[in-house]
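Asks: when you get a sec, could you give me coordinates for this:
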Amino acid sequence: MTEPDYRSQPREFLEMLYRTAVCQALPAHNLSAHLPSPPTHPGARTLVLGAGKAGGAMAQALDAAWPADAALEGLVVTRYGHVPPRSVGAAPPRIEVVEASHPVPDAAALEAAQRMLALTQGLTEHDLVICLVSGGGSSLLTLPAQWPGGGVSLMDKQRINRALLASGATIAEINCVRKHLSAIKGGRLAAACAPARVVTLLISDVPGDDPTVIASGPTVPDPTTCEESLQILQRYAIEVPEDLMQRLQSGFLETPKPGASGFARNAVHLVATPQQSLEATANAVRSAGLKAYILSDEMEGESREVGRVHAALARAVARRDQPFDRPCVILSGGETTVTLRTQAPGVTVGRGGRAGEFCMGLVHALQGQSGVYALAADTDGIDGVEDNAGAWVGPDSLARAQHLGLKINDFLDRNDGHGYFSSLGDLFITGPTYTNVNDFRAILVL
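Replies: Have a look, this model is predicted:
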């Protein structure tokens, strides 16, 4: 198949780059290299547990690579609609995959977590547990903390989760709180598996690829503290029930820490990372005869502001060939944030996620700069909670919007990237990709 020409087919070229990034992160292409050998003790179990938006694809890849005559059982939870189709004639799956809600947990996530803990009962030192962990696991693996006479309710978890997501907090801050409100995250799942050997296979969706942050680190010791989670709640003015506040203040909800003996036999492997996807994309750019520049795979901050910074860089390249030479592609990844603005009475709250917000900031700051095309999208195929992965930007985006009477500041004020780019016909829709290495941004400067 002929690759699209970047000069005459800029959108098709950018989409090819996105597909390259996603393909690099697919579990079918890279998971088997990290699998341990089956246990050899007679009667030993191999139990697979997992959570995340790539969970269904990871389970399928593991099942396909595991010896047909070796024991294998387990349960993995993924987002609704993110179970990949099975090939015709494939053997019945040995790992059960169930679906639950993301980004706000629901009763299905709670049931899945309860069932996972039940499966860990009776494990011995001869058994092997393989944990498949990817982005989205924090909400998909939900088991609220409990204490004598009380505990965190699912409704409390949902409300606090929504508030954190709307606050502008970083993913590390959000997951710090999640870990301390949970009975299964922050290393507690691994603790439940002891004395079995635990091997965790990770697909990273967080800046820095920190295993303690990915899906709130259910199988790794947690360096954060109850005190830190309290500071985050206070920083973003998020209210919690008084009895929960007391348990955090007393340290009752502290997580297992580094150095704990229960983690001595555990191993962690990164199966796919944002940097690997960006490097694969950069190679594709160079193969097309352009220069590629990876800014970072760890970009954080307000999405619209990150978009404006990218626009300033693209304008400098387009107008002065500084700091990069044209034609080129500027690449970046990471996890930006969207702080939802307070809405006035009667104002409709916008729809959209990080990619749409980034693209609005980009359009606003580019001011119709010629020769600049961009695609920003989430590698899981879903930008926020809508049906699009992201959006396109071109030199004519702002002018076409103005011709339709669309004022970009109005859409920014209500965080409505979906509405803005939907009106332009510029939503990028892929459907679920069955992996997740977070934000992908590619800016083509001709």
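
Asks: outline the domain layout of the protein.
Replies: As recorded under automatic domain parsing, the domains making up the chain are 26-272, 274-445.

Asks: spatially speaking, which residue is in the middle of the protein?
Replies: Gly135 (3.8 Å; C-alpha atoms, centre = their mean).

Asks: who wins for proximity to Ser8 among the domains of the chain?
Replies: Distance to Ser8, taken as C-beta to C-beta, is lowest for domain 274-445 among those, at 11.8 Å. Glycine gets a C-beta too; all of them are placed from N, C-alpha and C.

Asks: need the distance between the two termini of that closest one.
Replies: Domain 274-445 has an end-to-end distance of 22 Å (criterion: C-alpha to C-alpha, to the nearest Å).

Asks: repeat that for stretch 168-184.
Replies: Start-to-end, stretch 168-184 (C-alpha to C-alpha) is 25 Å.

Asks: tell me the mean pLDDT for that stretch?
Replies: For stretch 168-184, mean pLDDT is 96.

Asks: in that stretch, which residues are buried?
Replies: Residues 169-184 are the ones in stretch 168-184 that count as buried (16 or more other C-beta atoms under 10 Å).

Asks: got it, and stretch 89-97?
Replies: For stretch 89-97, a neighbour-count test (16+ other C-beta under 10 Å) marks 93-95, 97 as buried.

Asks: stretch 313-333 too?
Replies: Residues of stretch 313-333 classed as buried: 313-315, 317-318, 324, 327-333 (neighbour count, 16+ other C-beta under 10 Å).

Asks: please apply the same query to stretch 79-90.
Replies: Buried residues in stretch 79-90 (16+ other C-beta under 10 Å): 79, 82-84.

Asks: stretch 31-42 now?
Replies: Within stretch 31-42, the residues that count as buried by 16+ other C-beta under 10 Å are 31, 34-35, 39.

Asks: farthest-separated two in those?
Replies: Distances among those were taken as C-beta to C-beta; the most separated pair is Leu31 and Pro39, at 18.8 Å.

Asks: ok, the buried residues of stretch 31-42 vs Ala21, which is closest?
Replies: Taking C-beta to C-beta as the measure, Ala21 lies nearest Leu31 of the buried residues of stretch 31-42, at 17.2 Å.

Asks: quick check: phi and psi at that closest one.
Replies: phi -80, psi -40 (degrees, to the nearest 10).

Asks: ok, back up a step: which one of the buried residues of stretch 313-333 is nearest Ala163?
Replies: Closest approach to Ala163 among these (C-beta to C-beta): Gly333, at 26.4 Å.

Asks: from the buried residues of stretch 31-42, pick the one nearest Tyr434.
Replies: Set against Tyr434, the nearest of the buried residues of stretch 31-42 by C-beta to C-beta is Leu31 (11.9 Å).

Asks: pLDDT value on the closest one, please?
Replies: Looking at Leu31, its pLDDT reads 97.

Asks: how about the residue lying closest to it once chain neighbours are set aside, what does it touch?
Replies: Once flanking residues are discounted, Leu31 sits nearest to Ala61: 4.3 Å by C-beta to C-beta, 6 or more residues apart in numbering. The contact partners of Ala61, by C-beta atoms under 8 Å, 6 or more residues apart in numbering, come to 27-28, 31-32.

Asks: helix or strand for Ala61, which one?
Replies: Assigned by DSSP states H and E, Ala61 belongs to helix 55-65.

Asks: in that helix, what counts as buried?
Replies: Neighbour-count burial for helix 55-65, with 16+ other C-beta under 10 Å as criterion, is recorded at 55-64.

Asks: now do stretch 204-215
Replies: Using 16+ other C-beta under 10 Å as the test for burial, stretch 204-215 gives 204-207, 209-215.

Asks: need the pLDDT of the closest residue to Glu96 other than its chain neighbours.
Replies: What sits nearest to Glu96 in space, not counting adjacent residues and going by C-beta to C-beta, 6+ apart, is Leu75, at 5.0 Å. You'll see Leu75 listed with a pLDDT of 98.

Asks: thought Leu75 was touching Arg94?
Replies: No - judged on C-beta atoms under 8 Å, Leu75 makes no contact with Arg94 at a distance of 11.1 Å.

Asks: show me the strands in the protein, by range?
Replies: Along the chain, the segments classed as strands by DSSP state E run 46-51, 73-79, 96-100, 128-134, 146-147, 150-151, 197-203, 267-272, 291-294, 328-334, 372-378, 390-393, 427-428, 439-445.

Asks: direction included, what does the first one pair against?
Replies: Pointing back at strand 46-51 there. Its sheet considered, strand 46-51 pairs with strand 73-79 (parallel), strand 128-134 (parallel) by DSSP bridges.

Asks: closest one to Asp378 among these?
Replies: When the strands paired with strand 46-51 are compared by C-beta to C-beta, strand 73-79 sits nearest Asp378, at 12.1 Å.

Asks: can I get the closest one as CSV, trimmed to CA atoms?
Replies: Extracted in CSV, the C-alpha atoms of strand 73-79 (Å, rounded to 0.1, in the frame of the first residue of the first chain):
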residue,chain,number,x,y,z
GLU,A,73,-7.0,-19.0,34.4
GLY,A,74,-8.0,-15.5,35.3
LEU,A,75,-10.1,-12.4,35.2
VAL,A,76,-9.4,-9.1,33.5
VAL,A,77,-11.6,-6.0,33.4
THR,A,78,-11.6,-3.4,30.6
ARG,A,79,-13.7,-0.4,29.5
